[in-house]
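[1] Quick one: sequence plus predicted model below, questions after.
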There are 2 protein chains.
Amino acid sequence: MSRLGMAKKARSKATSSNQRREESLTREQIIEASIMLLDSGGEGGLTFRTLSERLATGPGAIYWHIANKSDLLTAACDAIIARTMNAPMGSALLGTTPQATIRLLALAMFDAIDAHPWVGSALTRAPGQSPMVRLVERLGQQIRAMGVPKKEHWVTVSALLNYILGVAGRNAANGQFARTEGLNRTDFLEAVSAVWSQLDIGEYPFARSMAAPMRSHDDRKDFLDGIDLILRGIGSPLRK
Amino acid sequence: MSRLGMAKKARSKATSSNQRREESLTREQIIEASIMLLDSGGEGGLTFRTLSERLATGPGAIYWHIANKSDLLTAACDAIIARTMNAPMGSALLGTTPQATIRLLALAMFDAIDAHPWVGSALTRAPGQSPMVRLVERLGQQIRAMGVPKKEHWVTVSALLNYILGVAGRNAANGQFARTEGLNRTDFLEAVSAVWSQLDIGEYPFARSMAAPMRSHDDRKDFLDGIDLILRGIGSPLRK
DNA sequence: ACCTGAACACCGTTCAAGT
DNA sequence: ACCTGAACACCGTTCAAGT
(Lines give C-alpha, C1' and ligand atoms only; values in the text may rest on other atoms or scores of the structure.)
Protein backbone atom coordinates (compact mmCIF):
# COMPACT_ATOMS: atom_id res chain seq x y z
CA MET A 1 0.00 0.00 0.00
CA SER A 2 1.07 3.59 0.54
CA ARG A 3 3.21 2.47 3.42
CA LEU A 4 5.31 0.36 1.12
CA GLY A 5 5.74 3.19 -1.29
CA MET A 6 6.82 5.51 1.46
CA ALA A 7 9.36 3.08 2.80
CA LYS A 8 10.83 2.62 -0.63
CA LYS A 9 10.98 6.33 -1.31
CA ALA A 10 12.51 7.08 2.08
CA ARG A 11 15.24 4.57 1.56
CA SER A 12 16.14 5.49 -1.97
CA LYS A 13 16.09 9.16 -1.04
CA ALA A 14 18.51 8.46 1.77
CA THR A 15 20.73 6.55 -0.61
CA SER A 16 20.79 9.27 -3.21
CA SER A 17 21.02 12.50 -1.22
CA ASN A 18 21.84 11.78 2.41
CA GLN A 19 25.20 10.22 3.12
CA ARG A 20 25.22 10.03 6.90
CA ARG A 21 21.77 8.52 7.25
CA GLU A 22 21.67 4.71 7.31
CA GLU A 23 21.34 3.85 3.67
CA SER A 24 20.89 0.16 4.31
CA LEU A 25 18.39 -1.96 6.08
CA THR A 26 19.01 -2.17 9.83
CA ARG A 27 18.32 -4.90 12.33
CA GLU A 28 16.07 -2.47 14.19
CA GLN A 29 13.93 -1.76 11.16
CA ILE A 30 13.50 -5.47 10.61
CA ILE A 31 12.54 -6.10 14.22
CA GLU A 32 10.13 -3.19 14.28
CA ALA A 33 8.39 -4.37 11.14
CA SER A 34 8.26 -7.90 12.55
CA ILE A 35 6.54 -6.68 15.68
CA MET A 36 3.90 -4.92 13.62
CA LEU A 37 3.27 -8.02 11.54
CA LEU A 38 3.13 -10.25 14.61
CA ASP A 39 0.72 -7.90 16.34
CA SER A 40 -1.67 -7.70 13.45
CA GLY A 41 -1.42 -11.19 12.05
CA GLY A 42 -0.43 -13.40 14.97
CA GLU A 43 2.35 -15.95 14.79
CA GLY A 44 1.43 -16.86 11.25
CA GLY A 45 1.49 -13.22 10.19
CA LEU A 46 5.27 -13.05 10.27
CA THR A 47 6.70 -14.43 7.06
CA PHE A 48 9.94 -13.68 5.30
CA ARG A 49 7.88 -12.78 2.28
CA THR A 50 5.41 -10.42 3.96
CA LEU A 51 8.26 -8.98 5.96
CA SER A 52 10.41 -8.29 2.93
CA GLU A 53 7.42 -6.79 1.11
CA ARG A 54 6.87 -4.42 4.00
CA LEU A 55 10.54 -3.49 3.97
CA ALA A 56 10.58 -3.24 0.19
CA THR A 57 13.33 -5.79 -0.32
CA GLY A 58 13.74 -9.44 -1.17
CA PRO A 59 13.52 -12.25 1.37
CA GLY A 60 17.23 -12.93 1.05
CA ALA A 61 18.16 -9.44 2.23
CA ILE A 62 16.82 -10.14 5.70
CA TYR A 63 19.23 -13.01 6.16
CA TRP A 64 22.10 -10.58 5.99
CA HIS A 65 20.97 -9.04 9.29
CA ILE A 66 19.26 -11.95 11.01
CA ALA A 67 20.27 -15.58 11.43
CA ASN A 68 16.88 -17.23 11.03
CA LYS A 69 13.26 -16.98 12.05
CA SER A 70 13.88 -18.14 15.59
CA ASP A 71 16.48 -15.42 16.02
CA LEU A 72 14.01 -12.90 14.66
CA LEU A 73 11.29 -13.97 17.08
CA THR A 74 13.61 -13.81 20.07
CA ALA A 75 14.76 -10.35 19.07
CA ALA A 76 11.20 -9.09 18.65
CA CYS A 77 10.28 -10.61 21.98
CA ASP A 78 13.26 -9.00 23.66
CA ALA A 79 12.31 -5.60 22.29
CA ILE A 80 8.86 -5.88 23.89
CA ILE A 81 10.20 -7.09 27.24
CA ALA A 82 12.86 -4.39 27.33
CA ARG A 83 10.26 -1.70 26.74
CA THR A 84 7.97 -3.17 29.36
CA MET A 85 10.64 -3.46 32.02
CA ASN A 86 11.95 0.04 31.35
CA ALA A 87 8.54 1.70 31.16
CA PRO A 88 8.13 4.99 33.07
CA MET A 89 6.36 3.29 35.93
CA GLY A 90 9.79 3.69 37.51
CA SER A 91 9.05 6.75 39.58
CA ALA A 92 5.72 5.48 40.79
CA LEU A 93 7.52 2.46 42.18
CA LEU A 94 9.80 4.27 44.55
CA GLY A 95 8.73 4.37 48.16
CA THR A 96 6.17 1.57 47.92
CA THR A 97 6.70 -1.94 49.22
CA PRO A 98 8.53 -4.61 47.21
CA GLN A 99 5.27 -6.55 47.12
CA ALA A 100 3.54 -3.61 45.46
CA THR A 101 6.37 -3.32 42.97
CA ILE A 102 6.10 -7.00 42.11
CA ARG A 103 2.39 -6.53 41.52
CA LEU A 104 3.13 -3.64 39.16
CA LEU A 105 5.81 -5.56 37.31
CA ALA A 106 3.55 -8.56 36.97
CA LEU A 107 0.69 -6.45 35.72
CA ALA A 108 2.93 -4.72 33.21
CA MET A 109 3.96 -8.10 31.84
CA PHE A 110 0.36 -9.26 31.78
CA ASP A 111 -0.69 -6.24 29.77
CA ALA A 112 2.30 -6.48 27.44
CA ILE A 113 1.58 -10.12 26.63
CA ASP A 114 -2.08 -9.29 26.25
CA ALA A 115 -1.19 -6.62 23.69
CA HIS A 116 1.41 -8.83 21.97
CA PRO A 117 0.11 -12.38 22.41
CA TRP A 118 2.92 -13.96 20.42
CA VAL A 119 5.38 -12.93 23.16
CA GLY A 120 3.99 -15.69 25.39
CA SER A 121 5.09 -18.56 23.22
CA ALA A 122 8.23 -16.81 22.00
CA LEU A 123 9.42 -16.59 25.59
CA THR A 124 8.96 -20.30 26.09
CA ARG A 125 10.99 -21.14 23.02
CA ALA A 126 13.98 -19.00 24.02
CA PRO A 127 14.94 -20.18 27.51
CA GLY A 128 17.81 -18.44 29.23
CA GLN A 129 18.05 -15.71 26.61
CA SER A 130 18.03 -11.99 27.11
CA PRO A 131 14.27 -11.49 27.44
CA MET A 132 14.32 -13.87 30.37
CA VAL A 133 17.31 -12.20 31.95
CA ARG A 134 15.51 -8.87 32.09
CA LEU A 135 12.50 -10.38 33.78
CA VAL A 136 14.49 -12.34 36.34
CA GLU A 137 16.50 -9.27 37.21
CA ARG A 138 13.54 -7.03 37.93
CA LEU A 139 11.69 -9.64 39.94
CA GLY A 140 14.84 -10.67 41.76
CA GLN A 141 15.62 -7.20 43.01
CA GLN A 142 12.25 -7.03 44.69
CA ILE A 143 12.66 -10.49 46.17
CA ARG A 144 15.93 -9.32 47.68
CA ALA A 145 14.22 -6.21 49.01
CA MET A 146 11.60 -8.38 50.69
CA GLY A 147 14.33 -9.99 52.71
CA VAL A 148 13.86 -13.48 51.35
CA PRO A 149 16.85 -15.56 52.46
CA LYS A 150 19.42 -16.16 49.73
CA LYS A 151 18.82 -19.88 49.72
CA GLU A 152 15.24 -19.32 48.63
CA HIS A 153 15.97 -16.79 45.88
CA TRP A 154 15.99 -19.33 43.11
CA VAL A 155 12.72 -21.05 44.04
CA THR A 156 11.00 -17.79 44.73
CA VAL A 157 11.92 -16.11 41.48
CA SER A 158 11.10 -19.28 39.59
CA ALA A 159 7.65 -19.55 41.20
CA LEU A 160 6.81 -15.94 40.42
CA LEU A 161 8.24 -16.04 36.93
CA ASN A 162 6.40 -19.16 35.98
CA TYR A 163 3.14 -18.01 37.40
CA ILE A 164 3.37 -14.68 35.59
CA LEU A 165 4.36 -16.14 32.25
CA GLY A 166 1.96 -19.03 32.68
CA VAL A 167 -1.14 -16.96 33.35
CA ALA A 168 -0.26 -14.20 30.94
CA GLY A 169 0.50 -16.72 28.24
CA ARG A 170 -2.70 -18.63 28.80
CA ASN A 171 -4.69 -15.41 28.83
CA ALA A 172 -3.14 -14.38 25.55
CA ALA A 173 -3.79 -17.83 24.10
CA ASN A 174 -7.46 -17.44 25.02
CA GLY A 175 -7.60 -14.20 23.11
CA GLN A 176 -5.89 -15.65 20.06
CA PHE A 177 -7.98 -18.78 20.09
CA ALA A 178 -11.12 -16.67 20.32
CA ARG A 179 -10.00 -14.49 17.42
CA THR A 180 -9.31 -17.57 15.32
CA GLU A 181 -12.87 -18.73 15.96
CA GLY A 182 -14.14 -15.27 15.10
CA LEU A 183 -15.28 -14.42 18.61
CA ASN A 184 -14.33 -11.73 21.05
CA ARG A 185 -12.94 -12.84 24.37
CA THR A 186 -16.23 -12.53 26.27
CA ASP A 187 -18.10 -14.65 23.77
CA PHE A 188 -15.31 -17.17 23.80
CA LEU A 189 -15.35 -17.53 27.58
CA GLU A 190 -19.11 -17.75 27.38
CA ALA A 191 -18.80 -20.62 24.93
CA VAL A 192 -16.20 -22.51 26.97
CA SER A 193 -18.22 -21.93 30.11
CA ALA A 194 -21.29 -23.38 28.39
CA VAL A 195 -19.35 -26.52 27.49
CA TRP A 196 -17.96 -26.92 30.98
CA SER A 197 -21.38 -26.48 32.54
CA GLN A 198 -22.57 -29.53 30.65
CA LEU A 199 -19.78 -31.86 31.67
CA ASP A 200 -20.80 -35.13 33.26
CA ILE A 201 -21.48 -34.31 36.90
CA GLY A 202 -20.25 -37.66 38.14
CA GLU A 203 -16.93 -37.48 36.33
CA TYR A 204 -16.19 -33.76 36.41
CA PRO A 205 -17.96 -32.20 39.39
CA PHE A 206 -15.27 -29.65 40.12
CA ALA A 207 -14.62 -28.54 36.55
CA ARG A 208 -18.38 -28.15 36.16
CA SER A 209 -18.50 -25.85 39.16
CA MET A 210 -15.85 -23.68 37.51
CA ALA A 211 -18.17 -22.86 34.62
CA ALA A 212 -19.81 -20.00 36.51
CA PRO A 213 -16.65 -18.27 37.77
CA MET A 214 -15.20 -18.68 34.29
CA ARG A 215 -18.07 -16.75 32.79
CA SER A 216 -17.90 -13.83 35.20
CA HIS A 217 -14.25 -13.61 36.12
CA ASP A 218 -11.95 -10.69 35.55
CA ASP A 219 -8.68 -11.89 34.07
CA ARG A 220 -6.54 -9.10 35.44
CA LYS A 221 -8.05 -9.22 38.90
CA ASP A 222 -7.66 -12.98 39.15
CA PHE A 223 -4.12 -12.69 37.94
CA LEU A 224 -3.31 -10.27 40.75
CA ASP A 225 -5.08 -12.47 43.31
CA GLY A 226 -2.78 -15.30 42.26
CA ILE A 227 0.25 -13.08 42.69
CA ASP A 228 -0.97 -12.26 46.18
CA LEU A 229 -1.41 -15.95 46.89
CA ILE A 230 2.21 -16.58 46.00
CA LEU A 231 3.44 -13.52 47.88
CA ARG A 232 1.60 -14.87 50.90
CA GLY A 233 3.44 -18.15 50.48
CA ILE A 234 6.76 -16.33 50.28
CA GLY A 235 6.00 -14.52 53.51
CA SER A 236 4.86 -17.59 55.43
CA PRO A 237 7.17 -19.76 57.47
CA LEU A 238 7.93 -23.21 56.14
CA ARG A 239 5.52 -25.85 57.38
CA LYS A 240 8.05 -28.55 58.09
CA MET B 1 11.35 -49.81 7.68
CA SER B 2 10.09 -53.16 8.85
CA ARG B 3 7.51 -51.41 10.96
CA LEU B 4 5.94 -49.96 7.85
CA GLY B 5 5.82 -53.32 6.19
CA MET B 6 4.20 -54.88 9.21
CA ALA B 7 1.52 -52.23 9.43
CA LYS B 8 0.71 -52.70 5.78
CA LYS B 9 0.54 -56.45 6.07
CA ALA B 10 -1.62 -56.33 9.20
CA ARG B 11 -4.14 -54.05 7.55
CA SER B 12 -4.39 -55.88 4.27
CA LYS B 13 -4.64 -59.19 6.06
CA ALA B 14 -7.50 -57.85 8.16
CA THR B 15 -9.23 -56.66 5.04
CA SER B 16 -8.90 -59.92 3.21
CA SER B 17 -9.52 -62.58 5.84
CA ASN B 18 -10.86 -61.06 9.04
CA GLN B 19 -14.21 -59.40 8.85
CA ARG B 20 -14.74 -58.31 12.44
CA ARG B 21 -11.36 -56.73 12.93
CA GLU B 22 -11.13 -53.01 12.04
CA GLU B 23 -10.36 -53.04 8.37
CA SER B 24 -9.98 -49.31 8.15
CA LEU B 25 -7.78 -46.72 9.72
CA THR B 26 -9.01 -45.57 13.12
CA ARG B 27 -8.67 -42.26 14.91
CA GLU B 28 -6.84 -44.08 17.68
CA GLN B 29 -4.25 -45.52 15.32
CA ILE B 30 -3.63 -42.06 13.93
CA ILE B 31 -3.26 -40.51 17.37
CA GLU B 32 -0.97 -43.26 18.57
CA ALA B 33 1.29 -42.89 15.56
CA SER B 34 1.27 -39.11 16.01
CA ILE B 35 2.44 -39.46 19.60
CA MET B 36 5.34 -41.64 18.51
CA LEU B 37 6.36 -39.15 15.84
CA LEU B 38 6.07 -36.20 18.22
CA ASP B 39 8.11 -38.00 20.87
CA SER B 40 10.91 -38.90 18.55
CA GLY B 41 10.98 -35.87 16.29
CA GLY B 42 9.60 -33.01 18.37
CA GLU B 43 6.96 -30.63 17.11
CA GLY B 44 8.45 -30.66 13.63
CA GLY B 45 8.46 -34.45 13.55
CA LEU B 46 4.72 -34.67 13.03
CA THR B 47 3.89 -34.19 9.39
CA PHE B 48 0.98 -35.44 7.38
CA ARG B 49 3.49 -37.03 5.07
CA THR B 50 5.57 -38.84 7.70
CA LEU B 51 2.38 -39.77 9.50
CA SER B 52 0.77 -41.25 6.41
CA GLU B 53 3.97 -43.11 5.56
CA ARG B 54 3.98 -44.66 9.01
CA LEU B 55 0.34 -45.62 8.62
CA ALA B 56 0.94 -46.85 5.09
CA THR B 57 -1.63 -44.55 3.49
CA GLY B 58 -1.79 -41.27 1.67
CA PRO B 59 -1.95 -37.89 3.40
CA GLY B 60 -5.53 -37.41 2.30
CA ALA B 61 -6.75 -40.50 4.14
CA ILE B 62 -5.98 -38.91 7.51
CA TYR B 63 -8.38 -36.08 6.82
CA TRP B 64 -11.23 -38.52 6.79
CA HIS B 65 -10.69 -39.13 10.50
CA ILE B 66 -9.24 -35.83 11.68
CA ALA B 67 -10.21 -32.24 11.00
CA ASN B 68 -6.76 -30.68 10.77
CA LYS B 69 -3.36 -30.58 12.39
CA SER B 70 -4.53 -28.57 15.37
CA ASP B 71 -7.23 -31.14 16.05
CA LEU B 72 -4.62 -33.87 15.81
CA LEU B 73 -2.30 -32.15 18.28
CA THR B 74 -5.07 -31.59 20.81
CA ALA B 75 -6.13 -35.21 20.55
CA ALA B 76 -2.58 -36.46 21.04
CA CYS B 77 -2.18 -34.12 23.98
CA ASP B 78 -5.41 -35.30 25.52
CA ALA B 79 -4.34 -38.91 25.23
CA ILE B 80 -1.19 -38.19 27.24
CA ILE B 81 -3.02 -36.18 29.90
CA ALA B 82 -5.70 -38.82 30.23
CA ARG B 83 -3.10 -41.51 30.78
CA THR B 84 -1.23 -39.39 33.28
CA MET B 85 -4.30 -38.48 35.30
CA ASN B 86 -5.56 -42.06 35.36
CA ALA B 87 -2.20 -43.62 36.13
CA PRO B 88 -2.17 -46.35 38.82
CA MET B 89 -0.88 -43.95 41.44
CA GLY B 90 -4.53 -44.02 42.47
CA SER B 91 -4.21 -46.45 45.31
CA ALA B 92 -1.09 -44.84 46.72
CA LEU B 93 -3.01 -41.60 47.02
CA LEU B 94 -5.70 -42.82 49.38
CA GLY B 95 -5.20 -41.97 53.01
CA THR B 96 -2.59 -39.27 52.45
CA THR B 97 -3.26 -35.56 52.71
CA PRO B 98 -4.67 -33.50 49.83
CA GLN B 99 -1.40 -31.60 49.81
CA ALA B 100 0.53 -34.81 49.23
CA THR B 101 -1.87 -35.76 46.47
CA ILE B 102 -1.37 -32.42 44.77
CA ARG B 103 2.37 -32.95 44.91
CA LEU B 104 1.96 -36.36 43.29
CA LEU B 105 -0.33 -35.03 40.59
CA ALA B 106 2.01 -32.16 39.88
CA LEU B 107 5.00 -34.46 39.69
CA ALA B 108 3.16 -36.81 37.36
CA MET B 109 2.44 -33.89 35.04
CA PHE B 110 6.03 -32.71 35.28
CA ASP B 111 7.31 -36.14 34.28
CA ALA B 112 4.75 -36.54 31.52
CA ILE B 113 5.66 -33.23 29.95
CA ASP B 114 9.32 -34.04 30.39
CA ALA B 115 8.80 -37.28 28.50
CA HIS B 116 6.56 -35.65 25.87
CA PRO B 117 7.85 -32.07 25.59
CA TRP B 118 5.40 -31.12 22.84
CA VAL B 119 2.53 -31.47 25.32
CA GLY B 120 3.58 -28.22 26.97
CA SER B 121 2.93 -26.00 24.00
CA ALA B 122 0.00 -28.07 22.76
CA LEU B 123 -1.76 -27.42 26.04
CA THR B 124 -1.32 -23.68 25.66
CA ARG B 125 -2.79 -23.70 22.19
CA ALA B 126 -5.97 -25.56 23.19
CA PRO B 127 -7.44 -23.56 26.06
CA GLY B 128 -10.57 -24.86 27.68
CA GLN B 129 -10.45 -28.16 25.85
CA SER B 130 -10.61 -31.65 27.23
CA PRO B 131 -6.97 -31.97 28.31
CA MET B 132 -7.41 -28.92 30.50
CA VAL B 133 -10.69 -30.20 31.94
CA ARG B 134 -9.00 -33.34 33.20
CA LEU B 135 -6.27 -31.40 34.93
CA VAL B 136 -8.60 -28.90 36.55
CA GLU B 137 -10.80 -31.69 37.83
CA ARG B 138 -8.03 -33.60 39.55
CA LEU B 139 -6.49 -30.54 41.12
CA GLY B 140 -9.87 -29.15 42.10
CA GLN B 141 -10.93 -32.22 44.01
CA GLN B 142 -7.87 -31.87 46.21
CA ILE B 143 -8.46 -28.17 46.69
CA ARG B 144 -11.95 -29.00 47.89
CA ALA B 145 -10.56 -31.62 50.22
CA MET B 146 -8.20 -29.04 51.70
CA GLY B 147 -11.21 -27.04 52.80
CA VAL B 148 -10.42 -24.00 50.68
CA PRO B 149 -13.53 -21.77 50.72
CA LYS B 150 -15.59 -21.94 47.55
CA LYS B 151 -14.93 -18.33 46.71
CA GLU B 152 -11.23 -19.05 46.38
CA HIS B 153 -11.54 -22.22 44.30
CA TRP B 154 -11.05 -20.44 41.00
CA VAL B 155 -7.93 -18.49 41.99
CA THR B 156 -6.41 -21.44 43.75
CA VAL B 157 -6.82 -23.89 40.92
CA SER B 158 -5.63 -21.30 38.47
CA ALA B 159 -2.49 -20.55 40.49
CA LEU B 160 -1.61 -24.23 40.79
CA LEU B 161 -2.45 -25.03 37.19
CA ASN B 162 -0.41 -22.20 35.80
CA TYR B 163 2.55 -22.92 37.98
CA ILE B 164 2.55 -26.59 37.05
CA LEU B 165 2.15 -26.04 33.33
CA GLY B 166 4.51 -23.09 33.40
CA VAL B 167 7.42 -24.84 35.06
CA ALA B 168 6.88 -28.15 33.33
CA GLY B 169 6.63 -26.41 29.99
CA ARG B 170 9.73 -24.36 30.57
CA ASN B 171 11.62 -27.41 31.73
CA ALA B 172 10.59 -29.27 28.61
CA ALA B 173 11.56 -26.29 26.46
CA ASN B 174 15.00 -26.36 28.05
CA GLY B 175 15.37 -29.97 27.08
CA GLN B 176 14.23 -29.37 23.52
CA PHE B 177 16.35 -26.28 23.09
CA ALA B 178 19.36 -28.21 24.35
CA ARG B 179 18.67 -31.06 21.96
CA THR B 180 18.43 -28.63 19.08
CA GLU B 181 21.84 -27.27 19.99
CA GLY B 182 23.17 -30.78 20.23
CA LEU B 183 23.71 -30.73 23.98
CA ASN B 184 22.28 -32.71 26.83
CA ARG B 185 20.40 -30.82 29.50
CA THR B 186 23.32 -30.58 31.91
CA ASP B 187 25.64 -29.13 29.31
CA PHE B 188 22.93 -26.74 28.24
CA LEU B 189 22.36 -25.42 31.75
CA GLU B 190 26.11 -25.21 32.13
CA ALA B 191 26.27 -23.04 29.03
CA VAL B 192 23.42 -20.76 30.07
CA SER B 193 24.87 -20.48 33.53
CA ALA B 194 28.22 -19.44 32.03
CA VAL B 195 26.53 -16.68 30.05
CA TRP B 196 24.59 -15.43 33.07
CA SER B 197 27.70 -15.38 35.22
CA GLN B 198 29.24 -12.89 32.84
CA LEU B 199 26.36 -10.45 32.78
CA ASP B 200 27.18 -6.86 33.62
CA ILE B 201 27.23 -6.71 37.41
CA GLY B 202 25.85 -3.19 37.54
CA GLU B 203 22.89 -3.90 35.34
CA TYR B 204 22.08 -7.49 36.22
CA PRO B 205 23.31 -8.21 39.75
CA PHE B 206 20.49 -10.56 40.65
CA ALA B 207 20.41 -12.52 37.41
CA ARG B 208 24.18 -12.92 37.76
CA SER B 209 23.75 -14.40 41.22
CA MET B 210 21.38 -16.96 39.76
CA ALA B 211 24.13 -18.44 37.59
CA ALA B 212 25.37 -20.69 40.39
CA PRO B 213 22.00 -22.11 41.51
CA MET B 214 21.15 -22.62 37.84
CA ARG B 215 24.19 -24.83 37.38
CA SER B 216 23.57 -27.04 40.37
CA HIS B 217 19.83 -27.11 40.71
CA ASP B 218 17.58 -30.14 40.52
CA ASP B 219 14.62 -29.42 38.26
CA ARG B 220 12.22 -31.82 39.92
CA LYS B 221 13.15 -30.80 43.43
CA ASP B 222 12.79 -27.09 42.68
CA PHE B 223 9.51 -27.76 41.02
CA LEU B 224 8.20 -29.41 44.17
CA ASP B 225 9.56 -26.61 46.34
CA GLY B 226 7.52 -24.16 44.27
CA ILE B 227 4.43 -26.29 44.75
CA ASP B 228 5.04 -26.18 48.48
CA LEU B 229 5.43 -22.42 48.31
CA ILE B 230 2.02 -22.11 46.70
CA LEU B 231 0.43 -24.63 49.07
CA ARG B 232 1.79 -22.51 51.91
CA GLY B 233 0.08 -19.49 50.38
CA ILE B 234 -3.17 -21.39 50.11
CA GLY B 235 -2.99 -22.32 53.76
CA SER B 236 -2.14 -18.85 55.02
CA PRO B 237 -4.75 -16.31 56.02
CA LEU B 238 -5.24 -13.31 53.79
CA ARG B 239 -2.99 -10.41 54.64
CA LYS B 240 -5.52 -7.65 54.19
C1' DA C 1 29.28 -4.78 2.26
C1' DC C 2 24.81 -5.40 1.12
C1' DC C 3 20.98 -6.68 -1.83
C1' DT C 4 18.22 -9.40 -5.52
C1' DG C 5 15.19 -12.94 -6.71
C1' DA C 6 14.99 -17.42 -8.55
C1' DA C 7 15.30 -22.01 -6.83
C1' DC C 8 15.06 -25.90 -3.40
C1' DA C 9 12.96 -28.80 -0.34
C1' DC C 10 9.67 -28.76 2.27
C1' DC C 11 4.74 -27.76 4.50
C1' DG C 12 -0.95 -28.33 5.40
C1' DT C 13 -4.88 -29.02 2.85
C1' DT C 14 -8.03 -30.14 -1.04
C1' DC C 15 -10.31 -32.90 -4.28
C1' DA C 16 -11.31 -35.57 -8.37
C1' DA C 17 -11.08 -40.17 -8.95
C1' DG C 18 -11.13 -44.65 -7.48
C1' DT C 19 -12.90 -49.06 -4.50
C1' DA D 1 -17.81 -45.25 3.52
C1' DC D 2 -13.22 -44.85 3.02
C1' DC D 3 -8.86 -44.30 0.54
C1' DT D 4 -5.41 -42.59 -3.21
C1' DG D 5 -2.18 -39.39 -4.74
C1' DA D 6 -1.55 -35.55 -7.62
C1' DA D 7 -2.01 -30.69 -7.21
C1' DC D 8 -2.30 -26.02 -4.92
C1' DA D 9 -0.69 -22.37 -2.41
C1' DC D 10 2.11 -21.67 0.66
C1' DC D 11 6.54 -21.92 3.88
C1' DG D 12 12.02 -21.01 5.58
C1' DT D 13 16.36 -20.94 3.65
C1' DT D 14 20.15 -20.78 0.21
C1' DC D 15 23.01 -18.90 -3.19
C1' DA D 16 24.77 -17.36 -7.57
C1' DA D 17 24.71 -13.10 -9.39
C1' DG D 18 24.60 -8.39 -9.15
C1' DT D 19 25.85 -3.28 -7.18
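    Thanks, I have the structure now. Keep in mind that this is a model prediction, so the values were computed, not measured.
[2] Run a quick neighbour tally on A:S24.
    Applying other Cβ atoms under 10 Å in any protein chain shown, we find 12 residues neighbouring A:S24. Glycine gets a C-beta too; all of them are placed from N, C-alpha and C.
[3] Let me know the secondary structure of A:E190.
    Secondary structure for A:E190, judged by DSSP: H, G, I helix; E, B strand; the rest coil, is helix.
[4] Can you name the helix or strand that the residue lying closest to it once chain neighbours are set aside falls in?
    Leaving aside its sequence neighbours, A:E190 sits nearest to A:R215 (Cβ to Cβ, 6 or more residues apart in numbering or on different chains; 6.2 Å). A:R215 belongs to helix A:211-216 when assigned by DSSP states H and E.
[5] Find the residue at the geometric middle of chain A.
    By Cα atoms, centre = their mean, chain A has its centre lying nearest to A:I113, at 2.9 Å.
[6] just to revisit the earlier point, how far away is the residue nearest to A:E190 from B:I230?
    A:R215 sits 25 Å away from B:I230, going by Cβ to Cβ, to the nearest Å.
[7] neighbour-wise, which of those two wins?
    The residue with more neighbours, out of A:R215 and B:I230, is B:I230; 25 against 15, by other Cβ under 10 Å.
[8] Wait, that one touches A:I230, no?
    Yes. Between B:I230 and A:I230 there is a contact at 6.2 Å, judged by Cβ atoms under 8 Å.
[9] Mutual contacts of the two, please.
    Listed as contacting both B:I230 and A:I230 by Cβ atoms under 8 Å, 6 or more residues apart in numbering or on different chains are A:A159, B:A159.
[10] Just the pLDDT at the closest residue to the residue nearest to the centre of chain A other than its chain neighbours, thanks.
    Closest residue in space to A:I113, ignoring its immediate chain neighbours: A:A168 at 4.0 Å, by Cβ to Cβ, 6+ apart. A:A168 carries a pLDDT value of 92.
[11] Please verify my assumption that A:A168 contacts A:L123.
    No. Applying Cβ under 8 Å, one finds A:A168 not in contact with A:L123, separated by 9.2 Å.
[12] which bits of chain A sit near DNA strand D?
    For chain A, the residues in contact with DNA strand D (Cβ under 7 Å from any atom of the strand) are A:L46, A:T47, A:F48, A:R49, A:T50, A:P59, A:G60, A:Y63, A:N68, A:K69, A:S70.
[13] need these in a markdown table with distance to A:L107 and pLDDT, can you?
    Output for those, formatted as a markdown table (distance: Cβ to Cβ, whole Å; pLDDT from 0 to 100):
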| residue | distance to A:L107 | pLDDT |
| --- | --- | --- |
| A:L46 | 27 | 97 |
| A:T47 | 32 | 97 |
| A:F48 | 35 | 97 |
| A:R49 | 37 | 96 |
| A:T50 | 32 | 96 |
| A:P59 | 38 | 94 |
| A:G60 | 42 | 94 |
| A:Y63 | 38 | 97 |
| A:N68 | 33 | 96 |
| A:K69 | 30 | 97 |
| A:S70 | 29 | 94 |
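[14] By neighbours, which of the residues you listed wins?
    So for the residues of chain A next to DNA strand D (other Cβ under 10 Å), the most neighbours sit at A:L46, 22 neighbours.
[15] Phi and psi next, for that one.
    For A:L46, the backbone dihedrals are phi -90, psi 110 (criterion: degrees, to the nearest 10).
[16] how close does it sit to chain B?
    As judged by Cβ to the nearest Cβ, to the nearest Å, A:L46 and chain B stand 17 Å apart.
[17] For that residue, which residues are in contact?
    Counted by Cβ under 8 Å, 6+ apart, A:L46 has contacts A:S34, A:L37, A:L38, A:K69, A:L72, A:L73, A:W118.
[18] just A:I164 next, same as before
    A:A106, A:M109, A:F110, A:L135, A:I227.
[19] now do A:L38
    A:G45, A:L46, A:A76, A:H116, A:W118.
[20] Can I get the residues you listed in a markdown table including distance to B:M85 and secondary structure?
    Shown next, in a markdown table, are these (distance: Cβ to Cβ, whole Å; DSSP: H, G, I helix; E, B strand; the rest coil):
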| residue | distance to B:M85 | secondary structure |
| --- | --- | --- |
| A:G45 | 35 | helix |
| A:L46 | 36 | coil |
| A:A76 | 36 | helix |
| A:H116 | 33 | coil |
| A:W118 | 30 | helix |
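[21] Using neighbour counts, give me the buried entries of those.
    Applying 16 or more other Cβ atoms under 10 Å in any protein chain shown to the contacts of A:L38, the neighbour count classes A:L46, A:A76, A:H116, A:W118 as buried.
[22] Was I right to think the second one contacts A:A33?
    No. Counting by Cβ under 8 Å, A:A76 stays clear of A:A33, with 9.5 Å between them.
[23] any idea how far DNA strand C is from A:G120?
    21 Å (Cβ to the nearest atom of the strand, to the nearest Å).
[24] Next one: A:I201, what pLDDT does it get?
    97.
[25] so it makes contact with A:R208?
    Yes. Using Cβ under 8 Å, A:I201 makes contact with A:R208 at a distance of 5.9 Å.
[26] Neighbour count: the two, which is higher?
    Neighbours were counted for A:I201 and for A:R208 using other Cβ under 10 Å; A:R208 has more, 20 against 9.
[27] how about the residues of chain A near DNA strand C?
    Counting by Cβ under 7 Å from any atom of the strand, chain A sits next to DNA strand C at A:S24, A:L25, A:A56, A:T57, A:G58, A:P59, A:G60, A:A61, A:Y63, A:W64, A:H65.
[28] which one of those residues sits closest to DNA strand D?
    A:G60 (3.0 Å; Cβ to the nearest atom of the strand).
[29] quick one: low-confidence parts of chain A?
    Residues of chain A that meet the criterion pLDDT under 70 lie in A:1-23, A:88-95, A:237-240.
[30] And for A:R27, the neighbour number?
    Count around A:R27 with other Cβ under 10 Å applied: 13.
[31] which residue sits closest to it, ignoring its sequence neighbours?
    That would be A:H65: by Cβ to Cβ, 6+ apart, it lies 4.8 Å from A:R27.
[32] Surely the one you found is in contact with A:I30?
    Yes. Counting by Cβ under 8 Å, A:I30 is a contact partner of A:H65 at 5.7 Å.
[33] quick one, which of those two is more surrounded?
    A:I30 (23 against 17).
[34] what helix or strand is that one on?
    helix A:27-41.
[35] now for the next helix-or-strand element following that helix, which elements pack on it?
    Using DSSP H and E, the next helix or strand after helix A:27-41 towards the C-terminus is helix A:48-54. Contacts defined by 3 or more Cβ pairs under 8 Å, 6 or more residues apart in numbering or on different chains; DSSP states H and E place helix A:48-54 against helix A:2-17, helix A:27-41, helix A:59-62.
[36] which ones are touching the residue nearest to A:F177 when sequence neighbours are not counted?
    Nearest residue to A:F177 in three dimensions, chain neighbours excluded: B:P127, at 5.5 Å (Cβ to Cβ, 6+ apart). Contacts of B:P127 were listed using Cβ under 8 Å, 6+ apart, and they are A:R170, A:A173, A:N174, A:F177, A:V192.
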